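[1] how would this look folded up:
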Amino acid sequence: MSRFFVMSLLFGLTFGQTASLCAPSEYVIHVEKRECAYCLAINTTICAGFCMTRDSNGKKLLLKSALSQNVCTYKEMLYQTALIPGCPHHTIPYYSYPVAVSCKCGKCNTDYSDCVHEKVKTNYCTKPQKLCNM
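    Residues are numbered from 1 along each chain as shown. As a prediction, the model looks like this:
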């Protein structure tokens, strides 16, 4: 093997282990209320991607603080509010949702993040759809 190839391989392995691919990603949220006539499809951004973690085989021997389970989470976010169309007057027709401005690898904060990945797809509409581009 050439010296250049070996150096490139080592650089790639080193950089690949330290780089994270955590960034805002486009996502569609489907929102509906039982009282309203339509389902609203909202285009927004969420934090998604890969973060390096350390998970030792000797978990029982180490303190929990020594283990690092980082997730791709919000660094900076803002909230926007959408109006769900077709709601009767006695219903509150507004829905607020987070928009990821920037992301980071860190501990999952359950105050504003869903830290469990569901395998069942629940993000769909059962009513006619309206698209909301924010």
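[2] make it CA atoms for all contacts and neighbour counts henceforth
    OK.
[3] okay, and the helix or strand of the protein with the least pLDDT?
    Confidence across the helices and strands of the chain bottoms out at helix 3-18, with a mean of 50, counting by mean pLDDT, DSSP states H and E.
[4] now tell me what touches the helix or strand following it from outside.
    Going down the chain from helix 3-18, the next helix or strand is strand 23-32, by DSSP states H and E. Strand 23-32 is touched from outside by 38-49, 72, 84, 95, 100-104, 123-125, 127, with contacts defined as C-alpha atoms under 8 Å, 6 or more residues apart in numbering.
[5] list the buried residues in the helix or strand following strand 23-32.
    Next in sequence after strand 23-32, counting helices and strands by DSSP H and E, comes strand 39-48. Applying a neighbour-count criterion of 16 or more other C-alpha atoms under 10 Å, one finds 39-42, 44-48 buried in strand 39-48.
[6] show me what residue 29 bridges to in the sheet.
    residue 42 (DSSP bridges).
[7] tell me the pLDDT at it?
    According to the prediction, residue 29 has pLDDT 88.
[8] again, but for the one 10 residues further on
    On pLDDT, residue 39 comes in at 88.
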